[in-house]
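Visitor: next comes the sequence, and after it the predicted model I'd like to discuss.
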Amino acid sequence: MTRPLTVVVMPTYNEADTLAGTWRDLREQLPEVLLLVVDDGSPDGTGAIAEALAAGDAQMSVMHRPAKAGLGAAYLAGFRWALDHGASYVVEMDADGSHRAVDLAAMLRDAADADLTIGSRWVRGGRVENWSWPRMLLSRAGNTYVRAMLGMPVRDATAGFRVFKASVLASMDLSDVHSAGYCFQVDMTRRVFQAGLSIREHPITFVERRAGQSKMSNAIVREALWRVTVWGVVDRLRRFTSGRRSER
């Protein structure tokens with residue numbers, strides 16, 4: 001019997017200091033998965049490092065994009081590649097070492113029972129290592145705001161470590177996904193939730209990167225705040241309009 005194919009999509013931009021270690025950990029835990037590195041023209045040579053790793057790893061491929069175009073666009077390109085290569089499960093995973101391969105192994109065991117499995121920092125058993133309290137507060141407050149505005153019972157909708165059933169991605173029209181930064185994660189969670197599909201949160205240990213620079217910025221925070229607010233207002237207006245019609 002053929003085993004389900006798992007494709008790990010790993011976007012990179014200036015991850016020369018961390019990619020090889022993340023690749024090594026993934027291979028030790030899950031040697032059977034396909035790894036696709038999507039590099040957005042990293043000026044620090046990450047793309048060349050990825051090519052060197054792939055040259056000795058039949059389970060690894062590299063997609064080179066000409067310039068940094070946002071996390072969302074990189075993942076969408078990776079999703080299309082995974083579906084074209086017959087994936088049963090598609091994984092989102094960072095290259096900076098913050099997402100542990102040992103946690104992914106456990107998440108994949110859960111994935112058969114959920115359409116989307118999220119590696120969650122904010123459910124019981126989840127935790128974060130080496131974050132400052134302002135960063136912790138920002139993440140918790142952001143997720144609280146997402147739950148309040150969108151009505152999703154998800155504790156960590158901003159998490160970037162997750163497993164999709166490939167059939168879920170194939171069933172969605174993702175042509176109108178325009179979220180560029182980490183808001184992409186909220187956007188995808190919202191789409192799965194609104195489609196009435198199942199979401200499961202698996203506790204993970206998130207480890208803050210030890211090398212390189214975080215991609216978090218004020219612009220990314222502003223995009224998330226703006227888009228979540230718009231989505232929430234539109235959803236409320238839609239429900240209000242639907243309720244008024246049903247009363248007639």
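Guide: Done, it's in.
Visitor: and the top helix by length along the chain, what does it pack against?
Guide: Counting residues, the longest helix found in the chain (DSSP state H) is helix 218-247. Helix 218-247 makes packing contacts with helix 133-150, helix 183-194 when contacts are defined by 3 or more CB pairs under 8 Å, 6 or more residues apart in numbering; DSSP states H and E. Just so you know, the C-beta spots here come from the backbone N, C-alpha and C atoms, and that holds for glycine as well.
Visitor: that one vs helix 133-150, what angle?
Guide: 20 degrees (axes from the mean of the first three to the mean of the last three CA atoms, to 10 degrees).
Visitor: give the buried residues for stretch 46-53.
Guide: Applying a neighbour-count criterion of 16 or more other CB atoms under 10 Å, one finds 46-47, 49-51, 53 buried in stretch 46-53.
Visitor: what mean pLDDT would you report for it?
Guide: Averaged across stretch 46-53, the pLDDT comes to 98.
Visitor: contacts for that stretch?
Guide: For stretch 46-53, the external contacting residues (CB atoms under 8 Å, 6 or more residues apart in numbering) are 12-16, 19-20, 23, 37, 39, 41, 60, 62, 64, 95.
Visitor: please indicate which of the residues you listed are buried?
Guide: Counted by 16+ other CB under 10 Å, the contacts of stretch 46-53 give 12-16, 19, 23, 37, 39, 60, 62, 95 as buried.
Visitor: returning to what we had before: among the helices and strands packed on helix 218-247, which is nearest R27?
Guide: When the helices and strands packed on helix 218-247 are compared by CB to CB, helix 183-194 sits nearest R27, at 25.3 Å.
Visitor: who are the packing partners of the closest one?
Guide: Contact partners of helix 183-194 among helices and strands, from 3+ CB pairs under 8 Å, 6+ apart: helix 71-84, strand 116-120, helix 133-150, strand 199-203, helix 218-247.
Visitor: a markdown table for these, including mean pLDDT?
Guide: What follows is the helices and strands packed on helix 183-194, written out as a markdown table (pLDDT from 0 to 100):
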| stretch | mean pLDDT |
| --- | --- |
| helix 71-84 | 96 |
| strand 116-120 | 98 |
| helix 133-150 | 93 |
| strand 199-203 | 97 |
| helix 218-247 | 80 |
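Visitor: out of the ones you listed, which one sits most buried?
Guide: strand 116-120 (a mean of 26; mean count of other CB atoms under 10 Å).
Visitor: angle of it against helix 133-150?
Guide: Using the same axes, to 10 degrees: strand 116-120 against helix 133-150 is 150 degrees.
Visitor: so which strand or helix has V128?
Guide: strand 127-129 (DSSP states H and E).
Visitor: pull out the buried positions in that strand.
Guide: In strand 127-129, counting by 16+ other CB under 10 Å, buried: V128.
Visitor: for A180, which of the helices and strands packed on helix 183-194 is the nearest?
Guide: Ranking the helices and strands packed on helix 183-194 by proximity to A180 (CB to CB) places helix 71-84 first, at 5.2 Å.
Visitor: residues touching the helix or strand that comes right after the closest one, excluding its own?
Guide: Per DSSP H and E, the first helix or strand lying C-terminal to helix 71-84 is strand 89-92. By CB under 8 Å, 6+ apart, the surrounding residues in contact with strand 89-92 are 4-9, 33, 75, 78-79, 82-83, 104, 108, 111, 160-166, 169, 185.
Visitor: next step: those restricted to strands.
Guide: Among the contacts of strand 89-92, DSSP state E puts 6-9, 162-165 in strands.
Visitor: what residue lies at the spatial centre of this structure?
Guide: By CA atoms, centre = their mean, the mean C-alpha position of the chain lies nearest to G160, the distance being 3.3 Å.
Visitor: nearest to T189 among the ones in strands among the contacts of strand 89-92?
Guide: Set against T189, the nearest of the ones in strands among the contacts of strand 89-92 by CB to CB is R162 (8.4 Å).
Visitor: give me the neighbour count for the closest one.
Guide: 26 (other CB atoms under 10 Å).
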